[in-house]
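# based on what follows, work out the 3D shape:
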Amino acid sequence: MKVSRMKVLVLGGNGFIGGQIVAQLKVQGAEVLVGSRYADNKVNTMQVRLEKMQQVQDWLPRLQGIDVVVNSVGILRERSTKNNRESYEAIHMQAPEGLAKACAEQGIRLIHISAIGLNMQAKSRFVRSKYLGEQAILNSGANAVIARVSLLDGQGGYGAKWFRRVAKWPLQFVMQSKGLIAPLQVTDLGEAIANLVMSNVETPRVIELGGTEIMSIPDYLRLLRARFGKSKAMQITVPKFLVRIISHIFDVLAWTPLSFGHFELMQGYNAPAKNWLPELLGRSPALIGAKTNALIDKPIFQPMAS
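Now for the predicted structure:
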């Protein structure tokens, strides 16, 4: 008798986060369908333009035969083309709401990747839209888990690449801030989410994931620099008001990962209240700054004793 494999749709499956989730799901034996902005007739890839998929009926045809959906799509800045506008509200709020309601209608599990520190009081539409997207999912009736993540390290990510680059500079300009982070490896995130998909582990509807060390951004740069075998760098503190202005300029120029939204997030406490990462991994998280491979070993998931 043939046993059917779990079929998982990973939205953003070609991206920094989604690619790691896809790799780990395949290792664990899932049948994976990648939802991507550009399908290009690739096998097991479906074109999904979230800015055009705001309603339940837009999602239903794409969910046929799917057991679990993982949404790892997010945009750093809004984009407009001749025929499309990828707005924060469309990508972070309206599309996830339609998806969640469609999942509720079809009895499909949904795991939504989000960020720690979101709130409705933020001035940034980036932050508010992601928060409202979470609330829409939680109110949709779907069997959903929101996975809020702290700062990600890893090879290939836009923001992670910039942090690693700045860490190698002998002179670093750092923002005046009391904000704290708990950096984690993107490979660990991919494995943890794959384990969550494939297992029957019970979690709250909202979980938070981070590394085991809580630190400031300057300390994070120092740690990365030390891991790269570099001598101590000189750090110059830049006043908060000036970084705020610079973040707006960078948004206009679409240059560097320092957006106004991330400026606001960096002011707060962006570490997990309860860290689910070690429990979902069944081991201690990897060191940040390390060179890792998504397929080092086939993971054997064993939940840690509570």
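# what's the neighbour count on residue 161?
Residues near residue 161, counting by other Cβ atoms under 10 Å, number 14. Yep, even glycine has a C-beta here, placed from its N, CA and C like the rest.
# how about residue 180?
Each residue near residue 180 was counted by other Cβ under 10 Å, and the total is 17.
# ok, now which ones touch it?
With contact taken as Cβ atoms under 8 Å, 6 or more residues apart in numbering, residue 180 is in contact with 214, 215, 216, 269, 270, 271.
# do residue 118 as well
Residues in contact with residue 118, defined by Cβ under 8 Å, 6+ apart, are 127, 128, 130, 131, 134, 148, 265.
# work out which residue lies at the spatial centre of the chain.
In the chain, the residue lying closest to the centroid (Cα atoms, centre = their mean) is residue 113, at 5.0 Å.
# for the chain, which segments count as helices?
16-27, 56-59, 88-89, 95-106, 125-138, 158-167, 186-198, 217-227, 240-253, 260-265, 277-281 (DSSP state H).
# helices and strands around the shortest one, which ones?
With contacts taken as 3 or more Cβ pairs under 8 Å, 6 or more residues apart in numbering; DSSP states H and E, helix 88-89 sits against helix 125-138.
# now the helix it packs on against helix 240-253, angle please.
Orientation note: helix 125-138 sits at an angle of 80 degrees relative to helix 240-253 (axes from the mean of the first three to the mean of the last three Cα atoms, to 10 degrees).
# circling back: you'd agree the residue nearest to the centre of the chain is up against residue 69?
No - here residue 113 lies out of contact with residue 69, judged by Cβ atoms under 8 Å, at a distance of 11.3 Å.
# show me which of the contacts of residue 180 is closest to residue 182.
Comparing these against residue 182 with Cβ to Cβ picks out residue 271 as the nearest, at 3.8 Å.
# re earlier: out of the contacts of residue 118, which are buried?
Of the members of the contacts of residue 118, the ones counted as buried by neighbours, 16 or more other Cβ atoms under 10 Å, are 127, 128, 130, 131, 134, 148, 265.
# farthest-apart pair in those residues, please.
When the buried ones among the contacts of residue 118 are compared pair by pair using Cβ to Cβ, the two farthest from each other are 128 and 148, 15.3 Å apart.
# low-confidence ranges, the protein, go.
For the chain, the stretches with pLDDT under 70 are 1-4, 41, 82, 290-306.
# how about a cut-off of 90?
By pLDDT under 90, the weakly predicted segments of the chain are 1-5, 37-45, 47, 79-85, 155-157, 176-178, 199-204, 229, 254-257, 287-306.
# return stretch 46-58 as PDB; C-alpha atoms alone will do.
Extracted C-alpha coordinates of stretch 46-58, given in PDB (Å, rounded to 0.1, in the frame of the first residue of the first chain):
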ATOM      1  CA  MET A  46       3.700  27.700  -8.900                       C
ATOM      2  CA  GLN A  47       3.500  31.400  -9.800                       C
ATOM      3  CA  VAL A  48       2.000  33.300  -6.900                       C
ATOM      4  CA  ARG A  49       1.600  37.100  -7.000                       C
ATOM      5  CA  LEU A  50       0.400  38.100  -3.600                       C
ATOM      6  CA  GLU A  51      -0.600  41.600  -4.700                       C
ATOM      7  CA  LYS A  52      -3.200  40.000  -7.000                       C
ATOM      8  CA  MET A  53      -4.400  37.400  -4.400                       C
ATOM      9  CA  GLN A  54      -6.400  39.300  -1.900                       C
ATOM     10  CA  GLN A  55      -9.600  37.200  -1.700                       C
ATOM     11  CA  VAL A  56     -10.500  33.700  -0.600                       C
ATOM     12  CA  GLN A  57     -11.500  32.700  -4.200                       C
ATOM     13  CA  ASP A  58      -8.000  33.700  -5.500                       C
END
